[in-house]
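[1] Give me the fold of what follows.
(2 chains)
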Amino acid sequence: MLKRTKIIDVLNADQPMAEVLVKGWVKTKRDAKDFSFIELNDGSCLKNIQIIANNTLKNYNDVKKLTTGSSIAVTGALIESAGGKQKFEIKAGNIEIYGIAPEDYPLQKKGMSDEFLRTIAHLRPRTNKYGAAFRVRSRLSYAIHNFFQSRGFVYVHTPLITASDCEGAGEMFQVTTLDLKNPPKLPNGEIDYGKDFFGKEARLTVSGQLNGEMYACALGNIYTFGPTFRAENSNTQRHAAEFWMIEPEMAFADIYDDMDLAEDMVRYLVKDIMENCADDIELFAKFIDPTLKDTLQNIIDNGFARITYTEAIEIMQKSGKKFEYTPEYGIDLQTEHERFLAEEHFKRPVIVRDYPKEIKAFYMRLNDDGKTVAAMDVLVPRIGELIGGSQREERYELLQKRIVESGMDIANYDWYLDSRKYGTVPHAGFGLGFERMMMLVTGIANIRDTIPFPRTPKSIGF
RNA sequence: UCCGACUUAGCUCAGCGGUAGAGCAAUCGGCUGUUAACCGAUUGGUCGUUGGUUCGAAUCCGACAGUCGGAGCCA
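    Numbers count the residues shown, from 1 in each chain, chains lettered A, B, ... in the order given. Predicted coordinates:
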């Protein structure tokens, strides 16, 4: 019994073969008088294999009815193509039809808008662009694991359901098994969460960081890589309600170790994708972002700029550029500021560190100046914030004070404080938005097109 | 959530007060070792929903919904 060969392997063959079996979906068919050209794709690569279906096939009448999107198995000889645009083609000896795609098949043999394709998210991976995007997504995941595993980082699975109702990173989705139409009530009229599944209010996590820190303070260097949920009503090209995040955490590390790791990681990932997804990147460079390859090569070749928040403000003030929000010490960096720094001033990724403590999270380490914290953001052209990280506050009293100042319930953080109570160590980490990294390496402009079935406000189809 | 634009055939759009059009797709036929093939014909729409103005609304006004872009929040 002949086994299926993937089209990528057929196309990469050194020489013709007497008999191969390929299976896939028809991309397009062109009929001649006595035979048909069929372009077949099985998702193993961007390219199609051309099938020559002669009218001597016993089911040629059925083969002639094949439409774009139909699925078939083809057995035949791999021969050198008589046509100009491909090395090999398959002269079919037998074609088995699995399923015809009826005339209402929505994918067409022409450019379709991303907005339209989002409405058929279940079929869009069959297009060239999305097939390429999701092959890259897989490779990028693999490369992330490679990067950390090769450096001895331990992969930790942090929980998705949490009782910490304020991790300081935005609105959260509630998780409950209570009957929302008729919830149990306390005498004072409030909902009795004691009767809920976990016996208290539960939510989907917005970050695995706090849990990750606990494992870093035991195993040394760790990373997480998993889904994250934000219930923010964000309607932008770079926010999703459900997205994937990578969060490394290093014990015995400071903010400079943190920046080094972030930069090494981004450059490693870009290089890996350039080397291993060359055809797919070529497609993105051709149809999506003509500057993509220069952008990526620039990241590989040049180190990231590094400045402090204070220097960033000064650079913008001296630039003479008119900003909608005037740069002055104390404000949070706006999108226009981030893009100015990365796109216009440095023309490459830039890491900004040491932000005023007022605009950053409670767990970030207070610097000796008493005004700033050891936070760092990696800003990249076009996307803005790719990575946000910090050295963590390891001093028990200071951390406790910051939790109280932030208005959070300290009772929920006793376990977190324990890591500072028992053998505390300096440590640091960051969060990388996986889909934002996808946007960087593919040039895809909208985060909704980098994740298979995107979840955004008012949108949870499929 | 705020600001703005948009919503007409399967897709991309035109029409902007007098009763709906193009290109592509699809279907049928022809032709050709073709390359998002080509040529011809055909099919296809209660113009987002809902109220109003008007003799008459796809077209003007309001509300609502959705989509997109920008902002905020952040990854």
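[2] Only C-alpha atoms from now on, for both contacts and neighbour counts.
    Will do.
[3] where does the stretch 351-462 of chain A dip in pLDDT?
    Scanning the stretch 351-462 of chain A for pLDDT under 70 picks out nothing.
[4] For burial, what's the neighbour tally of the residue in it positioned nearest to RNA strand B?
    For the stretch 351-462 of chain A, the residue closest to RNA strand B is residue A:387, as judged by Cα to the nearest atom of the strand, at 3.4 Å. Residue A:387 has 25 neighbours, counted by other Cα atoms under 10 Å.
[5] secondary structure element for it?
    Assignment of secondary structure by DSSP states H and E places residue A:387 within strand A:384-391.
[6] what's stretch A:135-148 in contact with?
    If you take Cα atoms under 8 Å, 6 or more residues apart in numbering as the criterion, stretch A:135-148 is touched by A:154, A:223, A:265, A:268-269, A:272-273, A:276-277, A:280, A:438, A:450.
[7] ugh, wrong one, I meant stretch A:277-287
    Against stretch A:277-287 from outside (Cα under 8 Å, 6+ apart): A:46, A:129, A:132-133, A:136, A:139, A:274, A:290-293, A:441-444.
[8] Go again with 7 Å.
    Here stretch A:277-287 makes contact (Cα atoms under 7 Å, 6 or more residues apart in numbering) with A:46, A:132, A:136, A:291-293, A:442-443.
[9] sorry, back to before: what's the farthest-apart pair in the contacts of stretch A:135-148?
    A:154 and A:280 (30.5 Å; Cα to Cα).
[10] between the two, who's got more neighbours?
    Neighbour count, other Cα under 10 Å: between residue A:154 and residue A:280, residue A:280 has more, with 25 against 19.
[11] Residue A:136 versus the more buried one, what's the distance?
    From residue A:280 across to residue A:136, the span is 7 Å (Cα to Cα, to the nearest Å).
[12] Around RNA strand B, pick out the residues from the stretch 151-300 of chain A.
    A:169-170, A:230, A:232-243, A:245 (Cα under 7 Å from any atom of the strand).
[13] Now for residue A:308, how many residues are close by?
    The local packing of residue A:308 (other Cα under 10 Å) involves 16 other residues.
[14] What's the separation between it and residue A:352?
    Separation of residue A:308 from residue A:352 (Cα to Cα): 5 Å.
[15] Mind checking which of the contacts of stretch A:135-148 are buried?
    A:154, A:223, A:265, A:268-269, A:272-273, A:277, A:280, A:438, A:450 (16 or more other Cα atoms under 10 Å).
[16] Present those as TSV; the columns should include secondary structure.
    Formatted as TSV, those follow (DSSP: H, G, I helix; E, B strand; the rest coil):
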residue	secondary structure
A:154	strand
A:223	strand
A:265	helix
A:268	helix
A:269	helix
A:272	helix
A:273	helix
A:277	coil
A:280	helix
A:438	helix
A:450	coil
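[17] Report the helix or strand with the lowest average pLDDT across chain A.
    Every helix and strand of chain A was ranked by mean pLDDT, DSSP states H and E. The lowest is helix A:60-63, at a mean of 90.
[18] Any buried residues in the following helix or strand past that helix, and which?
    Proceeding N to C from helix A:60-63, the next assigned helix or strand is strand A:71-80, under DSSP H and E. Using 16+ other Cα under 10 Å as the test for burial, strand A:71-80 gives A:71-79.
[19] Tabulate these (TSV), appending distance to residue A:341 and pLDDT.
    As requested, the buried residues of strand A:71-80 are exported to TSV (distance: Cα to Cα, whole Å; pLDDT from 0 to 100):
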residue	distance to residue A:341	pLDDT
A:71	50	95
A:72	52	95
A:73	53	96
A:74	54	96
A:75	57	96
A:76	57	95
A:77	57	95
A:78	54	95
A:79	54	94
